[in-house]
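Chemist: Let me see the structure of the following:
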Amino acid sequence: DSNLPITFQFGYISTSQRQITLQSRSSITFCSSLLPAGLSAENFFVSSTVDVFDSLDSNTTTIRIVTVHSMRDQSLKNSASFFASSFNSSAATVDEMKKLIAFSTYLVNKVNCSAAPNC
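Modeler: Here you go, the predicted structure:
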């Protein structure tokens, strides 16, 4: 087929409605990554995306809703330690760094208002 190769780009839609790329456009047909938790007001739903391109740059985007619950505090601490050590790795690829930055941004901006009035 003259429209091959097909390439793929993976990501998710952030709570601010921005498409966050986790894996840049390539011939790799899958992506594995931690996702930020969805908002409780939205049943913890997160929109995951895959953009599919042909050789002429025609594309389509597919969105699938996944449920992502918040991690427990200890898991967050372990994840933060893992990500901190990963940032120091010279073997990290650009896509791995994208995943680390996206999830680190989520961790930094995560707010626990359970003990606060009117939060």
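
Chemist: CA atoms only for the host helix or strand of residue 11, dumped as CSV, please.
Modeler: For residue 11, the element it lies in under DSSP states H and E is strand 7-13. The C-alpha trace of strand 7-13 is given here as CSV (Å, rounded to 0.1, in the frame of the first residue of the first chain):
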residue,chain,number,x,y,z
THR,A,7,2.7,6.1,12.3
PHE,A,8,1.2,6.7,15.7
GLN,A,9,1.4,9.3,18.5
PHE,A,10,0.0,8.6,22.0
GLY,A,11,-1.2,10.9,24.7
TYR,A,12,-4.0,12.1,26.9
ILE,A,13,-6.2,15.1,27.4
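
Chemist: Within its sheet, name the partner strands of it and how each one runs.
Modeler: Partner strands for strand 7-13, per DSSP bridges, with pairing direction: strand 19-26 (antiparallel), strand 45-53 (antiparallel).

Chemist: contact partners of stretch 56-65?
Modeler: For stretch 56-65, the surrounding residues in contact (CB atoms under 8 Å, 6 or more residues apart in numbering) are 3, 13, 45, 46, 47, 48, 49, 50, 51, 52, 53. For the C-beta atoms, the positions are set from N, CA and C on the backbone; glycine is no exception.

Chemist: neighbours around the fourth one, how many?
Modeler: Spelled out, that is residue 46. Using other CB atoms under 10 Å, residue 46 has 19 neighbouring residues.

Chemist: still on that earlier bit, may I see the ChimeraX selection of the buried members of the contacts of stretch 56-65?
Modeler: Once 16 or more other CB atoms under 10 Å is used to decide burial, the buried members of the contacts of stretch 56-65 can be selected in ChimeraX as follows:
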select :13,46,47,48,49,50,51,53
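
Chemist: Start and end of stretch 6-22, how far apart?
Modeler: One end of stretch 6-22 sits 18 Å from the other (CA to CA, to the nearest Å).

Chemist: I'm done for today, thanks for sticking with me.
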